[in-house]
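In: Would you be able to build a 3D model of this:
(one chain, ligands or ions: 1)
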Amino acid sequence: GTAARDGEPRRGGPADSPFVRACRREPVPHTPVWFMRQAGRSLPEYREIRASVPMLESCRRPELVTEITLQPVRRHGVDAAILFSDIVVPVAAAGIDLDIVPGTGPVVAEPVRTAADVERISPIGRDEVSYVDEAVRLLVAELGDTPLIGFAGAPFTLASYLVEGGPSRTHARTKAMMHGDPELWHALCARLAEVTLSFLRVQVDAGVSAVQLFDSWAGALSEADYRRFVMPHSSYVLGGLADAGVPRIHFGVGTGELLAAMGEAGADVVGVDWRTPLDVATGRIGPDRAVQGNLDPTVLLAPWPVVEAEVRRIVEQGRAAPGHVFNLGHGVLPETDPDVLTRVVALVHELSARPAR
Ligand code: CP3
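Out: Predicted structure coming up:
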C-alpha cells in the first residue's frame, strides 16, 4: 500500500477506510460495498433534482454534483461515494460536440471517422474541467472518512461512442476501423488515452481516494484483439497513475475472457460481472489484485429471499479473493427499489463482519 511505501504511519481517514484497504488487499473489518450508478434514477431525490436540469449541465455544476454524489451515501450507508459525472464529460471538454439523450445515452453530433476527425480531440487540463476539480474538492471536504471514487471511460469504450456516433450493440464501425485502419485506430485511442489520463489526474490532484476506469464494452472483443488494439492504451492510462498513490479499478461487462489482461493492464482491482463467479475470476486474475463485484443488477428486482441468497453466495465466493469490494456486475437499474439497495449494504456488512483487530 501507499502508506507503507511512503513509510508514513497510518492516519485513518479515507485512505484507511475498509474500501481502500480492500482494494490494497489489506485486512478489513467488513467487506466494503458500493454500487455502480448508485447516484441516479433509482433515487426519487435524484429524479427531483434532474427534473429541471439536463444531464451534461448537471455534471458541470459543482453544487449539484456534490448533492447528487452524496445522496446514496446518506441513504444507503455505502462504503464509498462515486463522483457524479459521465464518461463523455472529458470528451466534450476536449472539443467534441455531443449530448446525453435521456433513455438513449451519449449521442455525438459528428462521428469521428477520419484522421482530421481525430485531430478535433484536443488535450485537456484542469481549466477545461474546472467544475470537476471544484466538485471533488467540495466532496472530499463533505465526505470525511468516506472515500470518493473518481472515474473515466477507457479508450475503447469512448472510441465506440465517438466512432458509432452513439450507443451500439455490435460496435461494427468501431471494429471496422480497428481492423481496417489500425494506424487511425491507434491514433484515436492514443488521443483518448491522453484525455482520460488528464481527466483522472485532475481528480486525483483534487483528492479522490481511488479511480475506476470503465471499459464497459471491452467484452465485445476477443482476448487477442483486446491485447493488440486496446490494452496498450488502457495500460498507458493506468500506468500513468502508478505513482498517484490511489488504487486503480478496471471494469468491463462480459469480460470473463479478458480478466487476466485487464489486471495486467495495470489495475489494483478488477471489476467482474455476474457471468463469472468471483472464485473463478480470482483464479484468472491471480493473487496480486483484488476483485470487485458481482451481483446481477436484475436480481435486485426479485423477492428479498432471492436477493439474500445471491448476496450470501457472492460474499462467500469473495472470500477466495485476496481482496473483495462488493458491487453489482453493472449499474443499478432505474426501476430498482432503493430500499433493497439499503438492505443489501446492511447484509453485506453483517455477513462479512470480522472481529476488531
Ligand atoms: O453513480 C455512478 O455510478 C456515477 C455516475 C455515472 C454516470 N455515468 C451517470 C449517468 C457513471 C460512473 C457513468 C459512466 C458511464 N456513462 C458509463 C460507464 C458505466 C456503465 O454503465 O457501463 C457509460 C457506458 C456511460 C454512457 C452513458 N451515459 C449511458 C449508457 C447512459 C444511460 C442513458 C439512459 O438514459 O439510460 C448515460 C447517461 C447517464 N450517466 C445517466 C446517469 C445517472 C442517466 C441520466 C439520467 O438520469 O437521465
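
In: Go ahead and report the secondary structure state at residue 325.
Out: strand (DSSP: H, G, I helix; E, B strand; the rest coil).

In: That should have said residue 149, apologies.
Out: Three-state assignment for residue 149 (three-state DSSP): strand.

In: What count of nearby residues applies to it?
Out: Applying other CB atoms under 10 Å, we find 23 residues neighbouring residue 149. Just so you know, the C-beta spots here come from the backbone N, C-alpha and C atoms, and that holds for glycine as well.

In: show me the contacts for the nearest residue to it once chain neighbours are set aside.
Out: Leaving out its chain neighbours, the residue that sits closest to residue 149 by CB to CB, 6 or more residues apart in numbering is residue 82, at 4.4 Å. By CB atoms under 8 Å, 6 or more residues apart in numbering, residue 82 lies in contact with 34, 36, 38, 39, 69, 148, 149, 151, 212.

In: if we look at the ligand, which of the residues you listed are close to it?
Out: Among those, the residues within reach of the ligand (CB under 6 Å from any ligand atom) are 36, 38, 39, 151.

In: Tell me which of those fall in strands.
Out: Residues of the ones next to the ligand among the contacts of residue 82 located in strands (DSSP state E): residue 151.

In: Quick check: closest non-adjacent residue to the residue of the stretch 151-300 of the chain found nearest the ligand.
Out: Of all residues in the stretch 151-300 of the chain, residue 216 sits closest to the ligand, at 3.1 Å by CB to the nearest ligand atom. Spatial nearest neighbour of residue 216, excluding adjacent residues (CB to CB, 6+ apart): residue 157 at 5.0 Å.

In: swap in residue 95?
Out: Take residue 95 and drop its neighbours on the chain: the residue closest to it by CB to CB, 6+ apart is residue 122, 4.7 Å away.

In: Next: residue 56.
Out: residue 100 (5.5 Å).

In: what helices or strands is the helix or strand encompassing that neighbour leaning on?
Out: Applying DSSP states H and E as the criterion places residue 100 in strand 98-101. In terms of contacts (3 or more CB pairs under 8 Å, 6 or more residues apart in numbering; DSSP states H and E), strand 98-101 is packed against helix 55-59, strand 105-108.

In: what's around the residue nearest to residue 56, how many residues?
Out: So residue 100, with other CB under 10 Å, has 19 neighbours.

In: list the contacts for it?
Out: By CB under 8 Å, 6+ apart, residue 100 lies in contact with 54, 55, 56, 86, 88, 106, 107.

In: which among these gets closest to residue 14?
Out: residue 86 (23.2 Å; CB to CB).

In: Correct me if wrong: that closest one contacts residue 57.
Out: No: look at residue 86 against residue 57 with CB atoms under 8 Å: they stay out of range, at 11.5 Å.

In: Specify which residue of these two has the higher count of neighbours.
Out: Counted by other CB under 10 Å, residue 86 and residue 57 do not tie: residue 86 has more neighbours, with 18 against 12.

In: Helix or strand: which one has the more buried one?
Out: Short version, using DSSP H and E: residue 86 is in no helix or strand.

In: Quick check, pLDDT for it.
Out: Looking at residue 86, its pLDDT reads 98.

In: just the contacts of residue 82 now: which is nearest the ligand?
Out: Nearest to the ligand among the contacts of residue 82, with distances taken as CB to the nearest ligand atom, is residue 39, at 3.9 Å.

In: residue contacts, that closest one?
Out: Contacts for residue 39 (CB under 8 Å, 6+ apart) come out as 46, 68, 69, 71, 72, 82, 84.

In: Next step: these restricted to helices.
Out: 46, 68, 69, 71, 72 (DSSP state H).

In: was I right about residue 90 contacting residue 125?
Out: No: counting by CB under 8 Å, residue 90 stays clear of residue 125, with 10.7 Å between them.

In: So for these two, which residue has more residues nearby?
Out: residue 90 (25 against 13).

In: can you tell me how far that one sits from the ligand?
Out: Residue 90 sits 11 Å away from the ligand, going by CB to the nearest ligand atom, to the nearest Å.

In: so the residue of the stretch 151-300 of the chain closest to the ligand is in which element?
Out: Going by DSSP H and E, residue 216 is not in any helix or strand.

In: Can you check the pLDDT for it?
Out: We have a pLDDT of 97 for residue 216.

In: residues near it, how many?
Out: 22.

In: cool, residue 74 as well?
Out: Residue 74 has 10 nearby residues by other CB under 10 Å.

In: Quick check: residues of the stretch 51-200 of the chain near the ligand?
Out: 55, 82, 84, 86-87, 100, 102-106, 151, 157, 167.

In: of the residues you listed, buried ones?
Out: Neighbour counting over those (16 or more other CB atoms under 10 Å) leaves 55, 82, 84, 86, 87, 100, 105, 106, 151, 157 as the buried ones.

In: I'd like the residues you listed as a markdown table, with distance to residue 117 appended.
Out: Listed next are these as a markdown table, based on distance: CB to CB, whole Å:
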| residue | distance to residue 117 |
| --- | --- |
| 55 | 24 |
| 82 | 31 |
| 84 | 29 |
| 86 | 21 |
| 87 | 19 |
| 100 | 20 |
| 105 | 20 |
| 106 | 16 |
| 151 | 25 |
| 157 | 18 |
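
In: pretty sure the residue nearest to residue 95 is touching residue 94, no?
Out: Yes: Residue 122 is within contact range of residue 94, at 5.1 Å (criterion: CB under 8 Å).

In: what about these two, which has more around it?
Out: More crowded of residue 122 and residue 94, by other CB under 10 Å: residue 94, with 22 against 13.
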